[in-house]
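Participant: predicted model and sequence follow; I will ask about them next.
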Amino acid sequence: MANVHTQLRAATLHDLEAVQDVYLAAYPSLMSGYYAPDTLRAALPLMTKPWPTLLSSGRFFVVEGDGRLEAVGGWSDYPPGREHGPAHIRHFATRPSAARKGFGGVILEKCLEQARLTGLSVIDCFASLNAESFYADHGFTHLGYRQVKVAGVPFAVVEMRAPL
């Protein structure tokens with residue numbers, strides 16, 4: 001990580017507000033050039049809410065630096081909105097001021113390592129359009145574009161997969 005004052009750690013429920021703060025800072029700013037304003041207006045209230053079960057799973061991580069969270073993200077052994085299916089990268093975000101400093105990559109590598117240790121051979125993600133290059137830079141391949149429903153609104157994502 002770029003800053004010696006940063007720390008990677010597993011999230012806890014005590015991080016709920018701080019994780020939401022990262023989402024509120026990141027998503028509107030970083031997605032604005034990729035999604036229509038109406039789509040973001042409808043989807044962001046749900047997308048910026050942390051999921052307590054994910055935060056307390058031991059599979060969700062934060063990078064903390066200079067007294068605040070800079071990046072967050074995790075994985076689950078099922079896709080968003082389902083109870084079964086392939087393992088998925090989940091709910092990643094980096095503050096715009098911390099973007100491209102390696103914080104998200106550190107979290108992603110931790111997730112991939114942890115998933116690999118459970119015996120998985122691949123992991124998928126539904127990357128937002130603005131995040132496709134981030135995942136591609138970390139070994140994910142483009143499987144195709146698709147629409148998922150977020151708060152009842154069609155939301156374009158890039159389905160991607162990485163070998164473990």
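Facilitator: Right, received. Where do you want to start?
Participant: can you give me the helices for the protein?
Facilitator: For the chain, the helices defined by DSSP state H occupy 16-31, 37-47, 52-55, 103-117, 132-137.
Participant: nearest to G65, out of the ones you listed?
Facilitator: In terms of CB to CB, the element of these nearest to G65 is helix 103-117, at 7.7 Å. (Glycine included, C-beta is placed from N, CA and C.)
Participant: so what does the closest one touch, helix or strand wise?
Facilitator: Judged by 3 or more CB pairs under 8 Å, 6 or more residues apart in numbering; DSSP states H and E, the packing partners of helix 103-117 are strand 6-10, strand 60-65, strand 68-76, strand 88-94, strand 122-128, helix 132-137.
Participant: list the buried ones in that helix?
Facilitator: Neighbour-count burial for helix 103-117 flags 103-108, 110-112, 114-115 (criterion: 16 or more other CB atoms under 10 Å).
Participant: now that helix: mean pLDDT?
Facilitator: Averaged across helix 103-117, pLDDT comes to 97.
Participant: again, but for stretch 28-39
Facilitator: 96.
Participant: ends of it, how far apart?
Facilitator: 11 Å (CA to CA, to the nearest Å).
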